[in-house]
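In: with the sequence up front, the predicted model follows.
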Amino acid sequence: MTFPKNFLWGGATAANQFEGGYDKGGRGLSSLDMVTNGSINELRQITRSTISDKYYPNRKASDFYHHYKEDIALLAEMGIMIFRMSISWSRIFPKGIENTPNEEGLKFYDNVFDELKKYNIEPLVTISHFDIPLNLVEKYNGWASSEVIDLYLKYCEIIFKRYKNKVNYWITFNEINAGVTGVSSYQGLGIRNEGTISYSDVEDDPQIRLQALHYQFVAAAKAVVMGHEINPNFKIGCMIGSSICYPYTCHPKDIIHAQERNQLYNYYCADVQVRGEYPYYAKRIWDNENVSLHITKNDEEILKKGKADFLAISYYATMCVSATQTGESALANLNLDTLRNPYLEKTDWDWVIDPDGLRFTLNEMYARYQIPLMVVENGLSAYDVLDENMEIHDPYRVEYFKAHIRAMNEAIEDGVDLRAYTTWAPIDLVSAITGEMKKRYGFIYVDFDDYGNGTGKRYKKDSYYWYKKVIASNGESL
Ligand code: BGP
């Protein structure tokens, strides 16, 4: 099995789930600092409450803020070539509206990028990974307001200029299609609904949500144009959370249903950002949702000018949809009205495991877009156990990655132009959906529990040594 010579092996994180230090270095509150943790079936809350039984996991997360040197050294020892991370917007503009940025925040990322450079690790920076300064949620209801476009661009300008010689790869928004379905409007769009994040039952207004998403498209396109002016070598990509929908049966109605779902979940956002215009089927989606979007001529022009340089995807699972049947969901606690595929195993967290689906997804995306692809998230969450010898044996994770790496290799042999693979996540961090630390993904264990108790010490899991060999052999030694 061979991967291209310049293939980039790496790992992916996000500030809000990994960085911590929420009140350090002049940082302002971020939207996601206000979200409590909640187990798999509970609703997480968005609250300013200081009641002692509330814990806000993102505030401490894995405390990369204080551990970055140690963490980067561990990643370098593993051999990673690319590190996906995000900048916390409210560390740069604490309230989102200041005229001058927070120098201490900028300096923190200088230090991180310099540390990465020491080991020749390429940063891949997500500009907004589900976060926005809290002040912009309170003042504007997040991306529901077009005012936020210019504030985002001001933030982009500052970081593009500051890091123009330190960062080559950028992603404008994490999983921008999170804003399509309404399952996570607060995370994706900073829109506050009734004070709670429910992953099944958000009070949702599609008119506000899809218009907000349009503002993100415009902001992303403008950022692409601006970034290329600041440094023509920048590669600025868009990113979607890919979850291809299979028809549950070969009944033609199921096939049509799956096609429509794929258009909505998987292609609507990428079509706009890669092709530079809304797809032909957008009107059907708007009509179904009974929305009418305000799109100006200028918007249309900028979408055409600011097309993404590459398409990044996260990949965890596929889904099945049926025109007539209902049943167990493909992704527990993301109630997307999908069905579980009976042929597939599940993770500890009830997500289906489908390596062939990754090959299929990469082929579908490449056939459609014909631009370089990156898999910037893929990984297995599990209840890892730190044993009495302070070791973690995680053969299940190795099996998972082996199968997915094989699938990527098959896709490359199919002819797909896949450039990079950053696993979610090389170091344990808190879950985006539940806020729990025990939903672990890392090659490196972090000794914190769901409430931030613990030493914060890092321990290499068995999978750490395995991935090190994979990278050293460019994917040959699985
Ligand atoms: C993606 C997000 C990540 C990450 C991942 C896994 O949607 O981009 O931030 O968290 O999902 O989800 P979770 O952490 O809830 O298991």
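Out: Yes, it's here.
In: CA atoms for contacts and neighbours, from now on please.
Out: Will do.
In: and the residue of the stretch 351-478 of the chain found nearest the ligand, what does it touch?
Out: When scored by CA to the nearest ligand atom, the stretch 351-478 of the chain has residue 431 as its residue closest to the ligand, at 3.2 Å. The contact partners of residue 431, taken as CA atoms under 8 Å, 6 or more residues apart in numbering, are 17, 437, 439, 440.
In: out of the residues you listed, who's near the ligand?
Out: The subset of these within reach of the ligand, counting by CA under 6 Å from any ligand atom, is empty.
In: out of the residues you listed, grab the one that's most surrounded.
Out: When neighbours are counted by other CA atoms under 10 Å, residue 17 leads these with 27 neighbours.
In: that one: what secondary structure?
Out: At residue 17 the chain is in helix, as set by DSSP: H, G, I helix; E, B strand; the rest coil.
In: verify the contact between it and residue 436 for me.
Out: No: using CA atoms under 8 Å, residue 17 makes no contact with residue 436, being 9.9 Å away.
In: distance of the residue of the stretch 351-478 of the chain closest to the ligand relative to residue 407?
Out: Separation of residue 431 from residue 407 (CA to CA, to the nearest Å) stands at 25 Å.
In: do residue 237 as well
Out: 23 Å.
In: compare those two and say which is more crowded by neighbours.
Out: The neighbour comparison of residue 237 against residue 407 (other CA under 10 Å) goes to residue 237, with 25 against 20.
In: how far does whatever helix or strand that one lives in sit from the chain's center?
Out: Assigned by DSSP states H and E, residue 237 falls within strand 235-242. Distance, stretch centre to chain centre, for strand 235-242: 9 Å (CA atoms, centre = their mean, to the nearest Å).
In: contact partners of that strand?
Out: By CA under 8 Å, 6+ apart, strand 235-242 touches 168-178, 224, 227, 265-266, 269-270, 273-274, 308-316, 361.
In: of those residues, list those near the ligand.
Out: Within the contacts of strand 235-242, those near the ligand by CA under 6 Å from any ligand atom are residue 175.
In: and the pLDDT at the most centrally placed residue in the chain?
Out: Nearest to the geometric centre of the chain sits residue 174, at 4.3 Å (CA atoms, centre = their mean). On the pLDDT scale, residue 174 is placed at 97.
In: for the closest residue to it other than its chain neighbours, give me its contacts.
Out: Take residue 174 and drop its neighbours on the chain: the residue closest to it by CA to CA, 6 or more residues apart in numbering is residue 129, 4.7 Å away. When contacts are counted by CA under 8 Å, 6+ apart, residue 129 touches 14, 15, 16, 86, 173, 174, 175.
In: for the ligand, see how far away the residue lying closest to the third one once chain neighbours are set aside is.
Out: In this case it means residue 16. Leaving aside its sequence neighbours, residue 16 sits nearest to residue 58 (CA to CA, 6+ apart; 5.5 Å). To the ligand, residue 58 is 11 Å away according to CA to the nearest ligand atom, to the nearest Å.
In: who touches residue 58 in this structure?
Out: Shown in contact with residue 58 (CA under 8 Å, 6+ apart): 16, 17, 18, 19, 20, 22, 32, 33, 35, 430, 435.
In: give the buried residues for stretch 470-478.
Out: Neighbour-count burial for stretch 470-478 flags 470, 471, 474, 475, 478 (criterion: 16 or more other CA atoms under 10 Å).
In: hmm, who's touching it?
Out: For stretch 470-478, with CA under 8 Å, 6+ apart as the criterion, the contacting residues are 1-3, 5, 7, 9, 78-80, 402, 405, 466, 469.
In: could you do stretch 345-358 as well?
Out: 244, 315-318, 330-332, 340-341, 344, 380-383, 400, 403-404, 407-408, 439.
In: tell me which entries of those residues lie within helices.
Out: Of the contacts of stretch 345-358, the ones assigned to helices by DSSP state H are 400, 403, 404, 407, 408.
In: what strand or helix carries the residue lying closest to the fourth one once chain neighbours are set aside?
Out: Take residue 407 and drop its neighbours on the chain: the residue closest to it by CA to CA, 6+ apart is residue 359, 5.1 Å away. Assessed by DSSP H and E, residue 359 sits inside helix 355-369.
In: any idea which helix or strand comes after that helix?
Out: Counting by DSSP H and E, the next helix or strand C-terminal to helix 355-369 is strand 373-377.
In: I'd like to know which elements that next one is packed against.
Out: When contacts are defined as 3 or more CA pairs under 8 Å, 6 or more residues apart in numbering; DSSP states H and E, strand 373-377 sits against strand 8-12, strand 311-315, strand 418-424.
In: any idea how far the first one is from the middle of the chain?
Out: Put plainly, it is strand 8-12. When distances are taken as CA atoms, centre = their mean, strand 8-12 is centred 14 Å away from the chain's centroid.
In: what comes into contact with that strand?
Out: Residues from elsewhere that reach strand 8-12, judged by CA under 8 Å, 6+ apart: 80-85, 376-377, 419-426, 471.
In: the last one too?
Out: Among residues not part of strand 418-424, those counted as contacts by CA under 8 Å, 6+ apart are 6-13, 82-84, 372-380, 412, 441-442.
In: buried members of those into ChimeraX, please.
Out: Selecting only the buried entries of these in ChimeraX, with 16+ other CA under 10 Å as the criterion:
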select :7,8,9,10,11,12,13,82,83,84,372,373,374,375,376,377,378,379,380,412,441,442
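In: among the contacts of strand 418-424, which are within reach of the ligand?
Out: Counting by CA under 6 Å from any ligand atom, nothing from those sits close to the ligand.
In: sorry, back to before: quick one: which of the ones in helices among the contacts of stretch 345-358 has the most company?
Out: In terms of neighbour count, residue 408 stands highest of the ones in helices among the contacts of stretch 345-358 at 25 neighbours, by other CA under 10 Å.
In: what is the neighbour count of the nearest residue to that residue once chain neighbours are set aside?
Out: Residue nearest to residue 408 in three dimensions, not counting chain neighbours: residue 359, with 5.8 Å by CA to CA, 6+ apart. Using other CA under 10 Å, the number of residues around residue 359 comes to 21.
In: do residue 229 as well
Out: Using other CA under 10 Å, residue 229 has 12 other residues around it.
In: what does residue 396 give?
Out: Residues near residue 396, counting by other CA under 10 Å, number 15.
In: repeat that for residue 56.
Out: Residue 56 is flanked by 25 other residues according to other CA under 10 Å.
In: any buried residues in the longest helix anywhere in the chain, and which?
Out: Longest helix in the chain, counting residues (DSSP H): helix 206-230. Of the residues in helix 206-230, those buried by neighbour count under the rule 16+ other CA under 10 Å are 206, 208-227.
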